[in-house]
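here is a sequence together with a model predicted from it:
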Amino acid sequence: MNRSVSKDMLATYRLQLGPDLTFERVCEMLPYFRDLGISHLYLSPCLKAAAGSTHGYDVVDPSEVNLESGGGEGFNRLCKATAEFGMGLVLDIVPNHMSVAGRQNRWWWDVLAKGLRSRYAEFFDIRWDHPDPSVRGKILLPVLGDELKRCLESLQIQIRRRGPEIYLTYFEHEFPISTRSLSDSLQADSGAAALDASISAINADPARLKAFLDLQHYRLAFWRLANQDLNYRRFFDIHQLAGICVERKEVFAATHELVLCWVNEGKIDGLRIDHPDGLRDPTSYLERLRAATARTWIVVEKILEPGETLALEWPVAGTTGYDFLNIVNGLFVDSRSERLLTDFYGEFTGQSTDYGQVVREKKLLALKLLFASELSRLDGLLEESCRRNPGYGSFRQEDARSALAEVIACFPVYRTYIRPDTGEVGAGDQTVIRDTISAASHRQPGIAPDTWRLIGDILLLTRTGRTESEFVLRFQQLTGPVMAKGVEDTAFYCFNRLISLNEVGGNPGEFGTSPDAFHAFCLRIQSDWPLTMLATATHDTKRGEDTRLRIGLLSEIPERWTRAVRRWSRMNARFRGSGFPDTNTEYFLYQTLAGAWPIGCDRLVPAMLKSAREAKVHTSWMDPYPVFEEALRAFIEKVMGHADFTADLPAFLEPLAWPAVVTSLSQTLIKCTAPGVPDIYQGTELWDRNLVDPDNRRPVDFGLRRGLLAEIGKLSIAEILDRHAEGLPKLFLLQRVLSARRRYAGAFGPKGEYRPLAAEGERSGHLVAFMRGEQVVTLAPRLAVGLNGDWKNTVIELPAGSWENVFSGERFSGGTQQLLRLLAQFPVGLLVRKA
């Protein structure tokens, strides 16, 4: 664990760079970020990405800055400008993969042209020794829209010449050709006219074209083969994003040279590491990165499942904050309504209410549809290990694949961190492996015991060797993608009991967080990871932070909510064509509307279509079903055009309007005062009623925000609260709290204390209160619908001294104070000791 950083990390602000938000535009906004109280701008990946990239995670050249964001000169100007404003920069980097779409990635292009003889052949995680002879020594490229034979017969694949360059094309795709094919088939030195004639002759003859393709270092294939026969590691199931071998020193050096140069020059103060779980050895990678970056603040996009903790030996400051997001979100879900909402969900939709079973089914589905080639590789390694170790007499090869799939489906976390090279198996990893194999074997009692024993012996390093080491490392690189695609990108769109709980790193099977559990979390964070990032919205969250919170409010009014859903379903039944959409999708829609209203079809329809495809029940990305999708689109448009419904929905939501304001202010206050470094996702300083990407990556109106921030200083608290529809209370709170973080940095820093405070009285369960150091007290209401602003006789004991509310300026003395008085002028409280 590394706690030292080069500048005080007070608060970060995440920016999604691109043509709509360039370095120059960011420079123009620096006065606004400074006045808001931001210490560091947190930039999305800015290295050269695939043309037209909307996110930057598809890097094609790590030695250059993305021109669409402003290029190297623009980046340098931003570095200089932030320094002049006393601010720092945090950069998002992608060590796991690169984009290999098209010819933009010169490393990949070189590998396609030269195969194993390329100097970059070992940069990418390619299985050159594939058991299929047609793929062995080549790279399978699943880019064809049909079987290869049909593509050849229809002359869709052609040889082209552009000046001295000869290459292959398939529609917009281009591929280099091998030296051997130039000499054997084209006789490239015979002159331009003869060469063009030779090319034309081959292009017109499918058999000769097939023979020409056989001379290449790649094999073009039907895209549906990608998940069955692919021989290179991908980012999840995206075959345009190829895994790289960053564990190799030369690959680390080549991919990190520019970033490390910026760090050493003092231009970068922090790094966010994308998807470390995809790496072969995350621990070794982070150790190497730390050795090269000294005091740099480093956080990792590590998705921690409930109950899981970050490895203390990792030399980082913490995570990117999904663990915090989920535990704080649970504070605003009323656990008392769990049974009622569970029963209603099962009754209304007919869906299973057993979340664990849904997770298992969807992970098995992901393995079958998306990761069959990776599973086959593990299957082969397991068989090879058994051949070399005859002590597993009842092992049956025909059972191995099913056993492996079951173990992965039962895996409770993204991955383990077993290191065969050092023989390290942490106690937590041992428990995960043993418990998972036990659970899997009970699910599949017909599989021979020796099959389970062999898997366990290899994973726990009881059985070692090159084959076994490879199995362990590949297994650990697969469980994470299966969790991501099977759970977060499938189960989260199928299990719709209360979709505010369906968030990255969350567990929709758990219903709410108690204040005691939240305090225990914060005490651990202050002890172990005091500079971890705290997030409530990111570019990857399933819905905006305020959308999520308003859906959570439904847990406080379960009877009223279920009556409304039944009423709306009857009201809109006539718009359902041919049984579509199903009631599970309909229930998802009503929750989405409750969270994001007001919203138009231009945003709602794409988000719902994406959700339906992710669910993989009636339609999917691989196999879109136009009948269902058109029925869903028509249903939404008719519902949104139905006057009775569009009058009833806002009438239902109106009583939630003020509780939603209070809840958002509470969550924001907690994020900005709990142990860690708060991150503000772009635009969320006002109400964040976004949906899943790309909805949450739309351009932000910074001019509006800058104007409102300037105006706030001229308004009274009453005027600010009166304009809550514009988001002014949230913006006001952020500026005041971030200013307090700067003034009382010691209380909020690594050495600051976190002390839970308990209220007493009838409404004590509606308050989350804690003290930072000896100087700051946070008072955050929860379950605001039931509270309704009436604290009755609830009191809290303030430490001795004089305390000032940073929002209202009121002074209070230490001792017993009524919450009704402390929070009379503003719904939440931040008290600072004045004497």
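Thanks, I have it.

go ahead and confirm residue 81 touches residue 28.
No. Residue 81 is not in contact with residue 28 according to Cβ atoms under 8 Å; the separation is 9.3 Å. For glycine as for every other residue, the C-beta is placed from the backbone atoms N, C-alpha and C.

show me which of the two is the more surrounded one.
Remark: of residue 81 and residue 28, residue 81 carries more neighbours, 16 against 13, as counted by other Cβ atoms under 10 Å.

with adjacent residues omitted, what lies nearest to that one?
residue 27 (4.7 Å; Cβ to Cβ, 6 or more residues apart in numbering).

can you pull the contacts of the one you found?
Contacts for residue 27 (Cβ atoms under 8 Å, 6 or more residues apart in numbering) come out as 77-78, 81.

so which of those residues sit within helices?
77-78, 81 (DSSP state H).

quick check: domain ranges of the protein?
Domain assignment for the chain, taken from automatic domain parsing, gives 12-96+246-320, 106-240, 356-491, 701-743, 754-833.

so what's the gap between the last one and the chain middle?
Remark: domain 754-833 is offset 34 Å from the chain centroid, using Cα atoms, centre = their mean, to the nearest Å.

can you check the third one too?
Taking Cα atoms, centre = their mean, the mean C-alpha location of domain 356-491 is offset from the chain mean by 24 Å.

returning to that earlier point: after the strand or helix carrying the residue nearest to residue 81, next one along is what?
If you go by DSSP states H and E, residue 27 is part of helix 23-36. Once the chain leaves helix 23-36, the next helix or strand it forms, by DSSP H and E, is strand 40-43.

which strands and helices lie in contact with that following strand?
Packing partners of strand 40-43 (3 or more Cβ pairs under 8 Å, 6 or more residues apart in numbering; DSSP states H and E): strand 12-15, strand 88-93, strand 270-273.

and that strand, which strands flank it?
Strand pairing for strand 40-43, determined by DSSP bridges: strand 12-15 (parallel), strand 88-93 (parallel).

got the buried residues for stretch 752-764?
Neighbour counts over stretch 752-764 (16 or more other Cβ atoms under 10 Å) mark 752, 754-755, 757, 759, 761, 763-764 as buried.

ok, the nearest residue to residue 543 once chain neighbours are set aside - how many residues close by?
The spatial neighbour of residue 543 that comes closest, neighbours along the chain excluded (Cβ to Cβ, 6+ apart), is residue 691 at 5.6 Å. Residue 691: 23 surrounding residues under other Cβ under 10 Å.

and residue 691, what is it in contact with?
543-544, 547, 592, 596, 603-604, 607.

just the pLDDT for it.
Per-residue pLDDT puts residue 691 at 98.

please apply the same query to residue 188.
Here the pLDDT value assigned to residue 188 is 57.

so which of the buried residues of stretch 752-764 sit within strands?
Counting by DSSP state E, the part of the buried residues of stretch 752-764 found in strands is 754-755, 757, 759.

distance to residue 424 added to these, as a markdown table?
Listed next are these as a markdown table, based on distance: Cβ to Cβ, whole Å:
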| residue | distance to residue 424 |
| --- | --- |
| 754 | 32 |
| 755 | 36 |
| 757 | 41 |
| 759 | 46 |
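
ok, the residues you listed vs residue 631, which is closest?
residue 759 (50.9 Å; Cβ to Cβ).

low pLDDT regions in the protein?
When residues are selected by pLDDT under 70, those of the chain lie in 1-7, 185, 187-190, 835.

quick one, phi/psi of the residue nearest the centre of it?
Nearest residue to the geometric centre of the chain (Cα atoms, centre = their mean): residue 540, 4.3 Å. Dihedral angles of residue 540 (phi, psi; degrees, to the nearest 10) stand at phi -110, psi 0.

what about the residue nearest to it when sequence neighbours are not counted, distance to residue 305?
Once flanking residues are discounted, residue 540 sits nearest to residue 504: 5.9 Å by Cβ to Cβ, 6+ apart. Remark: distance between residue 504 and residue 305 (Cβ to Cβ, to the nearest Å) = 11 Å.

who has more neighbours, those two?
Neighbours around residue 504 and residue 305, counted as other Cβ under 10 Å, are more numerous at residue 504. The numbers are 20 against 16.

you'd agree that one is up against residue 303?
Yes. Contact criterion Cβ under 8 Å: residue 504 and residue 303 qualify, at 6.4 Å.

find the residues that touch each one of the two.
Common contact partners of residue 504 and residue 303 (Cβ under 8 Å, 6+ apart): residue 322.

what ranges do the helices span in the stretch 151-300 of the chain?
For the stretch 151-300 of the chain, the helices defined by DSSP state H, counting those that start in this stretch occupy 179-181, 192-203, 206-214, 226-229, 249-264, 282-293.

OK, contacts around the nearest residue to residue 396 once chain neighbours are set aside?
Leaving out its chain neighbours, the residue that sits closest to residue 396 by Cβ to Cβ, 6+ apart is residue 448, at 5.5 Å. Contacts for residue 448 were tallied using Cβ under 8 Å, 6+ apart; they are 394-396, 399.

narrow the residues you listed to those that are buried.
Buried among these (16+ other Cβ under 10 Å): 395, 399.

inside helices: which ones of the contacts of residue 448?
In this view, those that belong to helices under DSSP H are residue 399.

measure the residue nearest to residue 81 to residue 555 for me?
For residue 27, the distance to residue 555 (Cβ to Cβ) stands at 44 Å.

ditto for residue 808
Residue 808 is 30 Å from residue 555, where distance means Cβ to Cβ.

so the two - more neighbours on which side?
Taking neighbours as other Cβ under 10 Å, residue 808 and residue 555 compare with residue 555 leading, 24 against 16.
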